[in-house]
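Q: let's see this in three dimensions:
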Amino acid sequence: MRFWFNFLILFVVLITNKFFLFNEEFLILISFISFCFLITQKLGYSINLRFSEKLVLLQTSFSFSLETILVKLKQKKKLNLKYINFSKFIYLLKKHYLLYSTVFLQKLIYYLNNKEKFFLTIKLNAFKDLEKDYLKLIILLLLKKINTLNLLIHFYSKTVKIKKFETIKFITKLILLKKI
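A: Numbers count the residues shown, from 1 in each chain. The predicted structure is shown next:
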């Protein structure tokens, strides 16, 4: 109450000393200031409550997205460990393959020297089958890795609730629609 009294006295002093002239702009300014003051007094709590609700909603959405990303990063870490183990397995497979090849070449020289070409063709066919099996194994492992990457890309584009990812998803859909 004291504030209003002081404000009123200051206002009257300013008007009587002709610091302010009552023209259209000044009346519009007073109306605007009064409007802003009344709005903050009457609706300030409800606006603040609405912004608080929005803030809580954004915080929960962001924390959910971060938790989801954390889970996927842990899965990615496990996948990378599997990939490292796969590299070690490939190295051991290479070592075994080289050993097998040297043994095979030694026996090949032996067979050629002893003119046992019939057994050579059998061993060559077995070697060819083994090479096909290794090729199939490598292709299957690479396809599994590609499938996992596709699943991760699908997850990030569908379930992460960050506006930037959703915007990219909508732009991609629009580009696909234009191509059709």
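Q: only C-alpha atoms from now on, for both contacts and neighbour counts.
A: OK.
Q: against Phe119, how distant is the residue sitting nearest the centre point of the chain?
A: Most central in the chain under Cα atoms, centre = their mean is Tyr156, positioned 5.0 Å from the mean C-alpha point. Separation of Tyr156 from Phe119 (Cα to Cα, to the nearest Å): 56 Å.
Q: then Gly44?
A: Distance from Gly44 to Phe119, by Cα to Cα: 95 Å.
Q: which sections of the chain are below the confidence cut-off?
A: Residues of the chain that meet the criterion pLDDT under 70 lie in 1, 4, 18-22, 115-117, 120, 153, 157, 160-166, 168-169, 180.
Q: mind checking the longest helix of it?
A: Counting residues, the longest helix found in the chain (DSSP state H) is helix 24-114.
Q: now that helix, how far from the chain's geometric center?
A: 4 Å (Cα atoms, centre = their mean, to the nearest Å).
Q: again, but for stretch 129-143
A: 32 Å.
Q: repeat that for stretch 137-151.
A: 20 Å.
Q: how about stretch 114-129?
A: 54 Å.
Q: then it to PDB, C-alphas only?
A: The C-alpha coordinates for stretch 114-129 follow below in PDB (Å, rounded to 0.1, in the frame of the first residue of the first chain):
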ATOM      1  CA  ASN A 114      55.100 -89.800 -55.200                       C
ATOM      2  CA  LYS A 115      52.700 -89.300 -58.100                       C
ATOM      3  CA  GLU A 116      49.600 -89.800 -56.000                       C
ATOM      4  CA  LYS A 117      47.500 -87.400 -58.000                       C
ATOM      5  CA  PHE A 118      44.300 -89.200 -57.100                       C
ATOM      6  CA  PHE A 119      44.600 -88.400 -53.400                       C
ATOM      7  CA  LEU A 120      45.600 -84.900 -54.400                       C
ATOM      8  CA  THR A 121      42.300 -84.200 -56.000                       C
ATOM      9  CA  ILE A 122      40.400 -85.400 -53.000                       C
ATOM     10  CA  LYS A 123      42.500 -83.200 -50.700                       C
ATOM     11  CA  LEU A 124      42.000 -80.200 -53.100                       C
ATOM     12  CA  ASN A 125      38.200 -80.700 -53.000                       C
ATOM     13  CA  ALA A 126      38.300 -80.800 -49.200                       C
ATOM     14  CA  PHE A 127      40.400 -77.700 -49.100                       C
ATOM     15  CA  LYS A 128      38.000 -76.000 -51.500                       C
ATOM     16  CA  ASP A 129      35.000 -76.900 -49.300                       C
END
